[in-house]
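Q: Sequence plus the predicted model coming up.
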Amino acid sequence: MKKIDAVIRPEKLEPVREALAEIGIMGMTVSAVSGRGRQMGITLQWRAGEYKVDLLPKVKLEVVVIDEDVSRAVHTIRNKARTGERGDGKIFVIPVEDAIRISNGDNGDDAI
Amino acid sequence: MKKIDAVIRPEKLEPVREALAEIGIMGMTVSAVSGRGRQMGITLQWRAGEYKVDLLPKVKLEVVVIDEDVSRAVHTIRNKARTGERGDGKIFVIPVEDAIRISNGDNGDDAI
Amino acid sequence: MKKIDAVIRPEKLEPVREALAEIGIMGMTVSAVSGRGRQMGITLQWRAGEYKVDLLPKVKLEVVVIDEDVSRAVHTIRNKARTGERGDGKIFVIPVEDAIRISNGDNGDDAI
Amino acid sequence: MINAGDTVWILISTALVMLMTPGLALFYGGMVRQKNILSTLMMSFAMLGVIGVLWAVYGYSLSFGGDLGNFIGDLKFLGLMGVGEEPSGLYATSVPHLAFMAFQGMFAIITVALWTGGVVERMKFSAFLLFAVLWFTLVYCPVAHWVWGNGGWLADLGALDFAGGTVVHINAGMTALALAFLLKPRKGFREGMPMEPGNIPLVMLGAGILWFGWFGFNAGSSLAADGLAANAFVATNLSAAAGAATWMILGWIYRRPSALGVATGAIAGLVGITPAAGFVHPMAAIPIGIGASVIGYYCILWRTKKGIDESLDVWAVHGMGGVWGALATGIFATATVGGVDGLLWGGGMQFLKQIVGVVSVGAFAFAATWVLGKLVDRVVGLRVESHEEEVGLDISQHGERAYGGVLP
Amino acid sequence: MINAGDTVWILISTALVMLMTPGLALFYGGMVRQKNILSTLMMSFAMLGVIGVLWAVYGYSLSFGGDLGNFIGDLKFLGLMGVGEEPSGLYATSVPHLAFMAFQGMFAIITVALWTGGVVERMKFSAFLLFAVLWFTLVYCPVAHWVWGNGGWLADLGALDFAGGTVVHINAGMTALALAFLLKPRKGFREGMPMEPGNIPLVMLGAGILWFGWFGFNAGSSLAADGLAANAFVATNLSAAAGAATWMILGWIYRRPSALGVATGAIAGLVGITPAAGFVHPMAAIPIGIGASVIGYYCILWRTKKGIDESLDVWAVHGMGGVWGALATGIFATATVGGVDGLLWGGGMQFLKQIVGVVSVGAFAFAATWVLGKLVDRVVGLRVESHEEEVGLDISQHGERAYGGVLP
Amino acid sequence: MINAGDTVWILISTALVMLMTPGLALFYGGMVRQKNILSTLMMSFAMLGVIGVLWAVYGYSLSFGGDLGNFIGDLKFLGLMGVGEEPSGLYATSVPHLAFMAFQGMFAIITVALWTGGVVERMKFSAFLLFAVLWFTLVYCPVAHWVWGNGGWLADLGALDFAGGTVVHINAGMTALALAFLLKPRKGFREGMPMEPGNIPLVMLGAGILWFGWFGFNAGSSLAADGLAANAFVATNLSAAAGAATWMILGWIYRRPSALGVATGAIAGLVGITPAAGFVHPMAAIPIGIGASVIGYYCILWRTKKGIDESLDVWAVHGMGGVWGALATGIFATATVGGVDGLLWGGGMQFLKQIVGVVSVGAFAFAATWVLGKLVDRVVGLRVESHEEEVGLDISQHGERAYGGVLP
Ligand SMILES: Nc1ncnc2c1ncn2[C@@H]1O[C@H](COP(=O)(O)OP(=O)(O)O)[C@@H](O)[C@H]1O
Ligand SMILES: Nc1ncnc2c1ncn2[C@@H]1O[C@H](COP(=O)(O)OP(=O)(O)O)[C@@H](O)[C@H]1O
Ligand SMILES: Nc1ncnc2c1ncn2[C@@H]1O[C@H](COP(=O)(O)OP(=O)(O)O)[C@@H](O)[C@H]1O
């Protein structure tokens, strides 16, 4: 099992979510985060003049999948989250040793 | 050391939090997340008619424990977070290579 | 590659953010979390009397770095996030198997 | 004869008192946990609808119609029959009867909304609605008649209540207390689970709106744009100010001057001056406001220690503040303002009358609520299911959530 | 001659109607997704600025100046020439002409703000401003003249509109519908992407402010602090209350009594009574409010089913509610209140006149909007770029975000 | 003799001005970082309490009591002695003296609340309270006496200030500037750390409430419900509208039309017209509003460039806007409205008098604040500890947090 951590643009959550469902990956956990990377910060307005904000709103998706699904999942996310501009975000793959479904106690790959 | 990522129902945070304290596990980090899984989304009301929301509010607990405590912690979370219905959530166990306590520099198992 | 999960005081985000930029570590993902540890909870006021809140606001930084940068990053975070009091937080180091940059498909160390 | 100045005053005061109910909704809504904010708002807003209609249909008549045994009005104003553009002859004789009716209606609405502070975060919405209608009919209307109705027994006795210390505040406070006993504490309350206010800025806004609206509530109760209205206006503001400052200081003595405390103190001061505003010298509002804050503060400490979950302190702030205000009216009233002297100026009898008002309204409200509450509990059940309470009433009762969207 | 009571009434009513625009801004702003709340607020606030100035410069004159062909006013009040402290002679003869002018100006502002509910979350701000100025000049001013101007053809015909059922609500509703067609649905709307309201407590607050302000809107339209004002006041409140209760029940029948529903029902009731408030008996406000809610409810269901993204239901609640109100005026009007009898009391002709008013204003608003909208689309483009819509209009149009700071 | 219409007008205007303080609290509170919103709200709310009481106790007397050396009032109205239901004889002779007193009190409260915008996010609450009481006593009361008190030297000179351009706005603006210098910038300000507004919708709501309340502030200052009130009302609205539109355009020229900008522009316009509203033709409000916005805009740019952390721009918007308004009164005043001609109509002397008013009030406020501020700094320390500032003043000063609960 692997956990795929994908940090994407908030407006891309919708298409990614749908595309994952289409390839049968339903389980996912989403959180609102802020990120900094190669993308420049954003310039916002004050009453007069402006100021720069470094950390931009992003969405973090955590998707735990069985080993065989990793590349499919990564692919799907990449395709749907991509604009080609800086700031599209990144995908990290992290090992998971075990998974347990709370409701019925399934564990290992069964729990995914 | 392992990191236990548990995604649970928000209303179960309280009992889980207490139960972990009782077995001596104090350290934990909690965040508000949204999740999708086997549980159907929720139907909300609009002025007239209704709409479906796919992502449900969940709480993510991150608890880093020494290897010996993993199963106790997982057990405790499972017991307290369980209703038996779909949507109870999942627990993932992730390897941790090192831990450092910022205040005094303790590291490894000492830092937990 | 490693993912450094650092849970710090919210007011220390600013200096940590800057210090990491100075040593060339730009990429990071930040989220608002609540945490419990050795630090006592906080006592807040009600209209009359007070109540205790166990979970305190913290900030979680996730920084994925190449293996060589881990100790520099950990060091920098520690230095800047430290007050020496309880509640300064912790840093966890977690293995990462792969990284992909969404915009251009770079992967592995190149994607960091 | 209709006087344009007086008419404007009543109309705008009516609008101000109407605005208090949304203000109260925010005041309460910001104080509950985020998962229950909409259900808390709904209780007040639903009353603007339901009681708004019922007041015109029969409530006004039961309160201000002809007298039945000094206890309740009759049905002569049913469906606003005979309530028209001309003054009523009995009440507010320089403004259209309809305006007086509307002004009084806003008091009925907010009184019901007030005691919802005792039942938030756990009362079933259907039970709430049923109970509210019963309570309005069988408690509010009679009590309003006793105190303000032509022929009401407390009016005849001469118990003073300028703008609703008994009718509104004691009434609501004792009702909230009885309901809190019937409903039992929220899950986790006894175990010390923090019930953190979800949005204090909304509480402050609500307090600001309430303070603003209270000028209509109290000074409008003069029913004319005259010197008495000005007296009531100034007393109202001074008591609110004194109450706010006092509570701030109390909080500071024990720990910190809190925003929630200042807001609560202002409301306590406003409650305290309500029955007195048109009977006392404006400067008397300062001790009255201070007293209301001190009483409210210690009553909250006491009820918390006793483990009573009268959640948003309607009993402490409105109930006990109302008792203090009613008694203070009997102490500070001066004939030079409202024609009646209180204890301080030798009016001992008046003080006794005030006690009669306090005790009878308080006891009646508590007892009647107990009976009606038990009844409603039998019929539909007062409390939501345990898991509905855990999930929050916004989702479980109303199918909504306050702050939508996973993402900012 | 100036009457102080009447003058206060108009001034305070003007202030109340002014407050409705910020109230509406919150009502709408809370209903959109968080990323668009500021852009939604801005549409209303910008109108307070822009239309506020234009009204004094030429709008008042085009609406209430001398008559040109029964269609529009002339320029005799250009730049407030001749609009001074003395009464106007033609309108509101007991208050300063300036006060009447200001009162009417607030109606113009909120009417423009109203239809923004149909274009939120996707209309370019520059296009919005340009269209708003054109629409105000070429649609609002003429229609106001038709109905309320001396010599306006609908006024001459005798079509009744006490406080703006046609001028404000039908007008805004049909405009919103036409714009919604021109703009097309928001991204994801047809695909069922949830467009979750980002801050329902603000919606409730907005509804409370609107209800409060509406007393100025309707009862202020009596233009004097008299019995008729009281009649309009009471009718307004009853219709709002009945509307709120009705919508709550409708929601309950299908699923749950929702806060958003109660707020919407109150507004529907307020819309319904607007043209009628000074012509019907207060109790007639109950069926009018119920009707407005029922109509609004099913119109929303219908337009959703049809895939029409008239986003915040200006058409359903204001447009169709306004139609109902105008017709209901023709049904329930009674000579004892406003001097004219409706269908119920044998006034069949009046009902026909109301139909003429409804159809002509509705059709004109829709058609003129279509033409002007196409024009603006050609010149600057009505809609933001696709990625601007995704990111949200707060950032893309205004360079701001509502809730700043990464961290609480 | 008391006139009911005038009395209503003053009472309701007093209520409106009272509401401005909570409005201001939200306006400011939404503009600071989330961790400081409650502390910002508290500064305003605490003044409603503390100054509310002190005004009745001695402030009114010091401002409007008999004259001591043209500089300050005496103690003849101490504890409202002799301030009753009858008109005062000297001021507002058609309304109860108590009503005039209350109206003036609301100005005192909001003036103190205004300059808190310069000290937010870093001033110790205890120091704030102490300073506020001293400032109110030693700066506000004298200046109010100079300008409005019977015998005040600026009143005698004939410097015009209809509703508080000098007393309120210049006074508050210069005070905020001096305090900002004494307090030094917030941590991170000079380093360019973003100080992102935490809740702009609350700012917009606050601006809406302020605009609404300002009708009482300015038009109420006519002290009668007459043509002059209508003139002031219209001028107020036009200047606000022009200010809002102007700021929007300025923002657009440089970058984007922002919501914060529209709100700020409206306030600037309202400030500008304050001293002039009852002296100029309504159309003069348009250049006045435009001027106030332009001046405010560039003053903010300037002070930011200079690294001055006068955090919420009280100096730029109120101080310099007030200067502009006072001078503009000397330019645009016309005898046909308020009996005095300005520069434009040949009243050059009046313009010089206005300059005297501006300079003397501005200099006095700045200097007195400097002295009192240093004193308070010595006694309790003006600024919170560094770590308290980092954690936020809500927690460190008030033991509260605005949006409670870990979880939505
Ligand atoms: N090394 C990293 N560690 C953690 N998060 C990162 C890292 N690099 C980037 N991110 C996350 O990805 C987001 C996008 O990164 P950015 O460099 O702006 O985009 P891109 O790489 O697509 O040009 C950042 O806002 C941040 O949240
Ligand atoms: N594969 C997964 N990866 C990440 N998070 C998951 C995964 N599966 C489930 N979750 C999280 O767990 C929550 C509960 O999952 P769900 O399938 O609804 O419950 P259950 O498995 O208990 O029936 C989801 O809302 C989601 O947040
Ligand atoms: N074992 C743990 N697992 C996950 N998070 C932890 C753990 N221990 C501490 N934390 C996080 O670190 C924060 C600081 O911990 P605390 O024990 O209060 O500080 P310190 O160790 O610096 O005295 C906590 O609030 C929590 O968010």
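A: Structure's in. What do you need? Ligands and ions are numbered 1, 2, ... in the order given.
Q: make it CA atoms for all contacts and neighbour counts henceforth
A: Will do.
Q: same for the strand or helix carrying residue D:390, what does it pack against?
A: If you go by DSSP states H and E, residue D:390 is part of helix D:386-391. Using 3 or more Cα pairs under 8 Å, 6 or more residues apart in numbering or on different chains; DSSP states H and E as the contact definition, helix D:386-391 packs against no other helix or strand.
Q: what mean pLDDT does that helix have?
A: Averaging pLDDT along helix D:386-391 gives 93.
Q: Extract the C-alpha set from that helix and format it as PDB.
A: Provided in PDB are the C-alpha atoms of helix D:386-391 (Å, rounded to 0.1, in the frame of the first residue of the first chain):
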ATOM      1  CA  SER D 386     -27.900  11.100  20.700                       C
ATOM      2  CA  HIS D 387     -26.200  10.800  17.300                       C
ATOM      3  CA  GLU D 388     -28.100  13.700  16.000                       C
ATOM      4  CA  GLU D 389     -26.700  15.800  18.800                       C
ATOM      5  CA  GLU D 390     -23.200  14.600  18.100                       C
ATOM      6  CA  VAL D 391     -23.400  15.400  14.400                       C
END
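Q: Around chain C, pick out the residues from the stretch 201-350 of chain D.
A: Contact residues (Cα under 8 Å from any Cα of the partner chain) of the stretch 201-350 of chain D with chain C: D:251, D:255, D:256, D:258, D:260, D:261, D:264, D:297, D:298, D:300, D:301.
Q: what residues does chain A put near chain E?
A: So far as Cα under 8 Å from any Cα goes, chain A lies against chain E at A:10, A:11, A:14, A:34, A:43, A:44, A:45, A:55, A:57.
Q: if we can go back for a sec, can you put the residues of the stretch 201-350 of chain D next to chain C in a markdown table and add pLDDT, secondary structure and distance to residue E:177?
A: Below are those laid out as a markdown table (pLDDT from 0 to 100; DSSP: H, G, I helix; E, B strand; the rest coil; distance: Cα to Cα, whole Å):
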| residue | pLDDT | secondary structure | distance to residue E:177 |
| --- | --- | --- | --- |
| D:251 | 96 | helix | 54 |
| D:255 | 94 | coil | 57 |
| D:256 | 95 | coil | 54 |
| D:258 | 96 | coil | 48 |
| D:260 | 97 | helix | 44 |
| D:261 | 98 | helix | 48 |
| D:264 | 98 | helix | 46 |
| D:297 | 98 | helix | 54 |
| D:298 | 98 | helix | 57 |
| D:300 | 98 | helix | 53 |
| D:301 | 97 | helix | 56 |
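Q: Please enumerate the strands of chain A.
A: Counting by DSSP state E, chain A has strands at residues A:2-8, A:28-36, A:42-45, A:50-53, A:56-65, A:90-95, A:98-101.
Q: Out of those strands, which is closest to residue D:218?
A: strand A:42-45 (44.1 Å; Cα to Cα).
Q: list the buried ones in that closest one?
A: By neighbour count on 16 or more other Cα atoms under 10 Å in any protein chain shown, the buried set for strand A:42-45 is A:44, A:45.
Q: which strands and helices sit next to it?
A: Against strand A:42-45 (3+ Cα pairs under 8 Å, 6+ apart) you get strand A:50-53.
Q: strand partners of the strand it packs on, parallel vs antiparallel please.
A: Here strand A:50-53 has these sheet partners by DSSP bridges: strand A:42-45 (antiparallel).
Q: Stretch D:49-66 vs chain E: in contact?
A: Yes - contact of stretch D:49-66 with chain E (Cα under 8 Å from any Cα) involves D:49, D:50, D:52, D:53, D:56.
Q: which among those gets closest to residue F:102?
A: Nearest to residue F:102, judged by Cα to Cα, of these is residue D:52 at 32.4 Å.
Q: Give me the neighbour count for the closest residue to the closest one other than its chain neighbours.
A: Excluding its sequence neighbours, the residue lying closest to residue D:52 (Cα to Cα, 6 or more residues apart in numbering or on different chains) is residue E:241, at 5.5 Å. Neighbourhood size, residue E:241 [other Cα atoms under 10 Å in any protein chain shown]: 32.
Q: and the gap between residue E:241 and residue F:337?
A: 44 Å (Cα to Cα, to the nearest Å).
Q: just checking, which of the residues of stretch D:49-66 next to chain E belong to helices?
A: By the criterion of DSSP state H, membership of those in helices covers D:49, D:50, D:52, D:53.
Q: can you pull out the helices in the stretch 251-400 of chain D?
A: In the stretch 251-400 of chain D, helices defined by DSSP state H, counting those that start in this stretch lie at D:259-273, D:285-305, D:321-332, D:335-338, D:348-379, D:386-391, D:393-398, listed in chain order.
Q: any idea of the pLDDT on residue 109?
A: Looking at chain A here, since you left the chain open. Looking at residue A:109, its pLDDT reads 91.
Q: ah, I was thinking of chain D
A: pLDDT at residue D:109 comes out at 98.
Q: That one against residue D:48, yeah?
A: Yes - taking contacts as Cα atoms under 8 Å, residue D:109 lies within contact range of residue D:48: 6.1 Å.
Q: gap between the residue in chain D that ligand 3 sits nearest to and residue C:44?
A: Ranked by Cα to the nearest ligand atom, the top residue of chain D for proximity to ligand 3 is residue D:194, at 17.3 Å. Plainly put, residue D:194 is 10 Å away from residue C:44 if you go by Cα to Cα.
Q: just the residues of chain A next to chain E now: which is nearest chain F?
A: Of all those, chain F sits closest to residue A:45, with 6.9 Å by Cα to the nearest Cα.
Q: That closest one reaches residue F:254, doesn't it?
A: No - here residue A:45 does not reach residue F:254: they are 10.0 Å apart, not a contact under Cα under 8 Å.
Q: related to what we said a few turns ago, just the element for the residue nearest to residue D:52, please.
A: helix E:227-254.
Q: need the contact list for residue D:112.
A: D:44, D:47, D:132, D:136, D:172 (Cα atoms under 8 Å, 6 or more residues apart in numbering or on different chains).
Q: Quick check: closest non-adjacent residue to residue D:398.
A: Distances taken as Cα to Cα, 6+ apart put residue E:258 closest to residue D:398, at 4.8 Å, once the chain neighbours are dropped.
Q: Could you pull up the residues touching the one you found?
A: Contacts for residue E:258 (Cα under 8 Å, 6+ apart) come out as B:45, B:47, D:42, D:398, D:399, D:400, E:248, E:251, E:252.
Q: Sort the residues you listed by pLDDT and name the bottom one.
A: In terms of pLDDT, the lowest of the contacts of residue E:258 is residue B:45, showing 88.
Q: hang on, isn't that one packed against residue D:399?
A: Yes - taking Cα under 8 Å as the definition, residue B:45 is a contact partner of residue D:399 at 5.6 Å.
Q: Adding neighbour count, distance to residue F:329 and pLDDT, write the ones in helices among the residues of stretch D:49-66 next to chain E out as CSV.
A: Listed next are those as CSV, based on neighbours: other Cα atoms under 10 Å in any protein chain shown; distance: Cα to Cα, whole Å; pLDDT from 0 to 100:
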residue, neighbour count, distance to residue F:329, pLDDT
D:49, 27, 48, 98
D:50, 22, 51, 98
D:52, 26, 48, 98
D:53, 26, 51, 98
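Q: And for residue D:387, the neighbour number?
A: Neighbour tally, residue D:387, other Cα under 10 Å: 12.
Q: Can you tell me how far it is from residue F:355?
A: For residue D:387, the distance to residue F:355 - Cα to Cα - is 69 Å.
Q: What of residue A:49?
A: Residue A:49 is 30 Å from residue F:355, by Cα to Cα.
Q: Skipping adjacent residues, who's closest to residue D:222 in space?
A: Excluding its sequence neighbours, the residue lying closest to residue D:222 (Cα to Cα, 6+ apart) is residue D:229, at 5.2 Å.
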